[in-house]
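Visitor: everything below, folded, please.
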Amino acid sequence: MRRFFAFGLTFSIVLPAFSQKNYFEKEIIYRYTSPYTSFPDSLRKSGHTYQNQVFPYSGHYDDSSVLIVVPPHFKPTEN
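Guide: From the prediction side, this is the model:
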């Protein structure tokens with residue numbers, strides 16, 4: 001009975017924190033291409049095998065994209 005009460009108390013305290021409005025707002029995603037990323041990698045032109053699984057160049061090592069994800073609650077400061 002004590003364990004159930006402790007679980008219920010914890011659940012009732014934690015749940016409201018996740019039901020706030022900011023939790024459900026969308027993040028902002030920026031996508032750039034850059035010549036300074038790790039890929040495309042010339043050593044992976046023929047793909048790569050890791051733990052008996054083959055990862056082909058196309059779709060794995062040919063993308064030089066950079067994603068920047070800004071959370072919805074982010075507030076810039078001047079520091």
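Visitor: give me the mean pLDDT for stretch 28-36.
Guide: Mean per-residue pLDDT for stretch 28-36: 89.
Visitor: which other residues reach that stretch?
Guide: Residues lying outside stretch 28-36 but in contact with it, judged by C-beta atoms under 8 Å, 6 or more residues apart in numbering, are 64-70, 72. The way it works is simple: take the backbone N, C-alpha and C, and place the C-beta from them, glycine included.
Visitor: need those in JSON lines (columns: secondary structure and distance to Ile29).
Guide: As requested, the contacts of stretch 28-36 are arranged in JSON lines below (DSSP: H, G, I helix; E, B strand; the rest coil; distance: C-beta to C-beta, whole Å):
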{"residue": "Ser64", "secondary structure": "coil", "distance to Ile29": "17"}
{"residue": "Ser65", "secondary structure": "strand", "distance to Ile29": "11"}
{"residue": "Val66", "secondary structure": "strand", "distance to Ile29": "11"}
{"residue": "Leu67", "secondary structure": "strand", "distance to Ile29": "6"}
{"residue": "Ile68", "secondary structure": "strand", "distance to Ile29": "7"}
{"residue": "Val69", "secondary structure": "strand", "distance to Ile29": "5"}
{"residue": "Val70", "secondary structure": "strand", "distance to Ile29": "8"}
{"residue": "Pro72", "secondary structure": "coil", "distance to Ile29": "11"}
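Visitor: what sits against Pro56?
Guide: Per C-beta under 8 Å, 6+ apart, neighbours of Pro56: Gly47.
Visitor: no more questions from me, cheers.
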